[in-house]
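>>> Curious how this folds, go ahead:
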Amino acid sequence: MRLAQLFGAIALLSASTTAYHTRQAGNQTNSTLPVVDLGYELYQASAFNESKRYYSFTNIRYSAKPVRFGLPTTPVTNRADIKDGKDDRICPQSGPAWFLLGQKWLSQVVLGIQCKECFTPYVPQGASWNLPLAKPDPREMEDCLFLDVFVPERVFKAAGKGKGAAVLVWFTGGGYTFGKKDSNPVGLLAASGKGNVNASDIIHISINYRLGAMGFTSGPAYQAEGGVPNLGLYDQRFALEWIQKYIHLFGGDKDRVTLFGESSGGGSIFHQITAYGGTKGPVPFKRAVPLSAGWAPVTSTQAQDDIYHLLLNITNSTSIADLRNVSEADFLRANSLMVGYNTTYGNFMYNPVVDDDFVPALPGQLFAQGAFDKNIEVMYSLVTHEGDFFAAPYLNTSELTRATIDSVFPYMPSSSIDHVMTTLYPPIFNGTYGYTSEYSRTALIIADSIIICHTRYLAKAFNNNVYSYLFAMPPAYHGMDNLYTYYDGGAVSSEDVTMVMNRTIAVTVQELITSFAKNGVPQAEGVGRFGVYGEEGMVLRLSNSTGFQEVRDKTPDERCRWWQNVKYS
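Numbers count the residues shown, from 1 in each chain. Sure thing, here's the model as predicted:
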């Protein structure tokens with residue numbers, strides 16, 4: 001894979017997945033592949049990987065086709081035929097135009113490839129029906145609530161004969177506007193058996209959930225008309241409840257389910273941990289591994305209403321009733337136009353929001369209040385340069401930095417932005433505060449507020465009894481660790497992949513994740529001591545230059561305490 005392709009995976013995509021090559025890898029015929037009876041439908045494995053010895057059960061429906069802006073519901077019973085998993089579905093995708101500039105900018109940083117347009121201030125064009133869009137993926141459709149199950153042969157054959165295997169559930173990232181379930185877990189499965197494919201003993205599940213306007217439309221006007229906010233989170237929860245009910249049929253243990261996900265996938269995990277403020281009993285999972293968990297805290301109802309009214313305007317609608325009558329093709333186009341052309345640099349428009357139900361308050365506040373399920377085990381990770389992708393390369397003045405903060409938090413009081421600019425992140429560029437330029441200052445502000453400090457709230461809520469690792473493999477930009485999490489075990493010696501890929505680190509990451517999922521203690525070949533975060537704030541640093549070593553988290557407490565308690569509107 002060329003480095004240009006790698007940058008296509010930066011910031012929130014599940015990269016390097018070589019999706020579903022297992023469909024061609026197996027040589028069993030349809031007549032010999034096993035069938036699982038879910039009661040409401042019958043599903044046959046879509047493939048069997050002969051060399052790695054695992055089955056792929058793809059495109060399993062976990063909800064009926066959702067009503068637009070409605071909750072997921074139990075699938076309709078249909079036992080007329082056996083589903084073969086070949087009808088591939090993904091939820092509608094949308095991505096901001098600035099995202100391509102970000103990819104070009106980081107390519108320039110790493111490779112020295114000139115990107116003159118990266119230094120021209122980015123101005124959103126504003127959503128317009130006549131603007132051009134790339135042809136959508138034919139798999140995109142609103143009836144997209146499906147999941148994939150990858151299960152080792154030995155685990156599947158042992159179904160019903162004992163406790164069952166641990167289960168890893170992947171929430172894809174993508175700024176809550178794009179991302180799909182087609183990740184290839186062959187490396188993770190191998191890591192669960194310490195490299196011995198015949199000893200693989202973990203099940204991997206990846207799910208689709210609604211994104212963008214379909215999954216995260218919100219606001220008082222929208223809710224007054226019967227719309228449900230945070231539908232993407234409800235989809236995730238519905239899938240987790242499906243797993244509790246059915247995973248034993250595949251040989252899994254419903255009491256050893258681990259969520260893991262990167263960026264918005266990791267941010268979703270925070271919202272699942274704090275779901276309903278902990279008032280509805282234990283969450284349907286045992287462990288959590290949020291990776292670079294990200295979301296922009298949204299409390300402004302005006303901001304939510306503004307986005308809702310933009311959706312109404314671009315579809316020539318006046319209400320949810322009108323929106324529900326818009327054709328699927330036009331609705332998907334409107335979603336893509338809004339996110340693609342109306343977002344400011346670094347923004348994705350949609351986020352989970354406080355809704356007084358699933359999200360009764362921001363997760364950081366719920367953690368501080370003790371309003372969450374405390375009976376889970378956690379390991380989280382960050383990368384060295386979390387904010388670089390989200391900061392525009394042309395930022396070179398304090399005024400531009402302030403404008404960026406204002407675009408990320410448009411309803412934050414001016415006095416709060418003053419405090420950010422003068423006290424928390426003052427214009428001192430000697431490295432004392434962690435930055436040496438206006439650009440890196442902005443990148444750090446973004447990283448702290450939408451990613452890094454979230455993990456501080458999490459660690460403190462669990463009395464620092466959590467595990468944490470820092471991914472420091474160059475260039476260590478947000479999303480690059482996905483290459484390692486989903487390393488497929490193949491060669492990494494091609495001319496430009498070696499710049500960003502190291503097999504030893506990749507296998508280490510995979511072993512840490514799978515061992516934690518199995519027994520709650522992360523272990524890996526070559527890693528000596530890996531203690532909990534603790535009062536000293538210790539994290540395991542993964543680097544090709546210094547190897548594996550415990551280092552102290554240097555993020556200042558006072559900054560994160562401020563972000564945890566500030567009023568965003």
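>>> which of the residues in stretch 37-47 are buried?
Across stretch 37-47, burial judged by 16 or more other C-beta atoms under 10 Å covers 38, 41, 43, 44, 45, 46, 47. Bear in mind the C-beta positions are built from the backbone N, C-alpha and C, glycine included.
>>> actually stretch 423-431, not the one I typed
Quick answer for stretch 423-431 (16+ other C-beta under 10 Å): 424, 425.
>>> How about stretch 210-230?
Counting neighbours by 16+ other C-beta under 10 Å, stretch 210-230 gives 210-219, 221-223, 227-230 as buried.
>>> Mind checking what secondary structure the residue minimising distance to the centre of the chain has?
In the chain, the residue lying closest to the centroid (C-alpha atoms, centre = their mean) is residue 265, at 1.9 Å. Classification of residue 265 using DSSP: H, G, I helix; E, B strand; the rest coil returns helix.
>>> what about the closest residue to it other than its chain neighbours, how many residues close to it?
For residue 265, ignoring the flanking residues on the chain, the nearest one in space by C-beta to C-beta, 6 or more residues apart in numbering is residue 171 at 3.5 Å. Using other C-beta atoms under 10 Å, residue 171 has 29 neighbouring residues.
>>> For residue 539, give its distance to residue 129.
Computed as C-beta to C-beta, to the nearest Å, the residue 539 to residue 129 distance reads 48 Å.
>>> Counting neighbours, go ahead and name the busier of these two.
Each of residue 539 and residue 129 has its neighbours counted (other C-beta under 10 Å); residue 539 has more, 23 against 11.
>>> For residue 305, see how far away that one is.
Taken as C-beta to C-beta, the span from residue 539 to residue 305 is 40 Å.
>>> Kindly report the same for residue 169.
33 Å.
>>> So between these two, which is more surrounded?
residue 169 (26 against 16).
>>> And the strands in the protein, which stretches?
35-37, 42-44, 47-49, 54-61, 82-83, 146-152, 165-171, 202-207, 252-262, 287-291, 377-383, 467-471, 538-543, 547-552 (DSSP state E).
>>> mind listing what the fifth one pairs with, with the direction of each?
Read it as strand 82-83. Strands that pair with strand 82-83, judged by DSSP bridges, come out as strand 42-44 (parallel).
>>> Mean confidence (pLDDT) on the strand it pairs with, please.
On average, the pLDDT along strand 42-44 is 98.
>>> per-residue confidence at the residue nearest to the centre of the chain?
On the pLDDT scale, residue 265 gets 98.
>>> Give the full set of residues in contact with it.
170, 171, 172, 173, 174, 179, 290, 291 (C-beta atoms under 8 Å, 6 or more residues apart in numbering).
>>> From what I see, the second one and residue 235 are in contact.
No. Taking contact to mean C-beta atoms under 8 Å, the distance of 10.3 Å between residue 171 and residue 235 leaves them out of contact.
>>> residues shared between the contacts of the two?
Common contact partners of residue 171 and residue 235 (C-beta under 8 Å, 6+ apart): 207, 209.
>>> Identify the bridge partners of residue 538.
residue 552.
>>> burial count for it?
Quick note: residue 538 (other C-beta under 10 Å) scores 19 neighbours.
>>> That one: what's it in contact with?
Residue 538 neighbours (C-beta under 8 Å, 6+ apart): 468, 531, 532, 550, 551, 552, 553.
>>> List only buried entries from these.
468, 532, 550, 553.
>>> Closest one to residue 412 out of those residues, please.
Comparing the buried ones among the contacts of residue 538 against residue 412 with C-beta to C-beta places residue 553 closest, at 25.8 Å.
>>> The closest one - nearest residue in space that isn't next to it in sequence?
Per C-beta to C-beta, 6+ apart, closest to residue 553 is residue 537, 3.9 Å.
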